[in-house]
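1. Need coordinates for the following:
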Amino acid sequence: MMYPKTICNLIECYKKLPGIGEKTAERLALATMDLDDEVIAMFSNSLLDIKTKIKRCNICNNLTEEDTCLICKDKTRNHDVICVVEEPKNIITFEKTGAFNGLYHVLDGLISPLDGINPDDLNIDALIKRIDEENIKEVILALKSSIEGETTSLYISKKLENKGVIITKIAHGIPLGADMDYIDSLTISMALEDRKPLT
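-> Model prediction:
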């Protein structure tokens, strides 16, 4: 039996989310119908808000509702160290461990010429500007262990070699090719503690 158009539209919307297939989208759409009006209103408002209120931090490129994110504003953090990550969700992964109390910098991708992603497409110039203008003593490269991650790490280390900062890379306790989202907190904590200089 075919669902009414409204339900079909909702199923199609859920299918646009990563990892959601036809069956899961159908279950989610039918479950949504059973939610209270209050929850539906909150759901609806949240979807609109995420497109209108969320922006990028003017310092580190993290997700925020203000011009500067809470991490960059936090005076209790170590402002001498920047941890460079691929995308904003990596920051959440590191923050959950409680093992790092410095600042972050989001690149928004990794160098991948095959995919048409070059250094100029990433947020590398802003990182160099921060190092030039702030009193940064160490840059931790916390990028995934892949060809793209290694290429990006090497490129950044070359760009920073005369900047007077220590460049370290998280240890390879993180498996080769692993997605940072699926790494457990203990592995990330150990990788951060066991980071090694690149040169």
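
2. CA atoms for contacts and neighbours, from now on please.
-> Fine.

3. Which parts of this structure are helices?
-> Ranges of helices in the chain, per DSSP state H, are 5-15, 22-33, 37-52, 70-73, 88-97, 124-133, 147-160, 185-193.

4. residues near the nearest residue to Leu63 once chain neighbours are set aside, how many?
-> Of all residues beyond its chain neighbours, the one nearest Leu63 is Arg56 (4.8 Å), with distances taken as CA to CA, 6 or more residues apart in numbering. One way to gauge burial is a neighbour count; for Arg56, by other CA atoms under 10 Å, it gives 17.

5. Pull up the gap between Arg56 and Ser146, please.
-> In this structure, Arg56 and Ser146 are separated by 26 Å, where distance is defined by CA to CA, to the nearest Å.

6. Check Asn62 too.
-> 23 Å.

7. same deal with Cys83?
-> Distance, Cys83 to Ser146, using CA to CA: 18 Å.

8. For the two, indicate the residue with more neighbours.
-> More neighbours sit around Cys83 than around the other of Cys83 and Ser146, counting by other CA under 10 Å; the figures are 23 against 15.

9. and the more buried one, bridged to which residues?
-> Per DSSP bridges, residues listed as beta-bridge partners of Cys83: Tyr104, Ile140.

10. wait, doesn't it sit right on Ala99?
-> No - using CA atoms under 8 Å, Cys83 is not in contact with Ala99; the gap is 11.9 Å.

11. quick one: contacts for the residue lying closest to Leu107 once chain neighbours are set aside?
-> Excluding its sequence neighbours, the residue lying closest to Leu107 (CA to CA, 6+ apart) is Asn123, at 4.6 Å. For Asn123, the contact set (CA atoms under 8 Å, 6 or more residues apart in numbering) comprises Val106, Leu107, Asp108.
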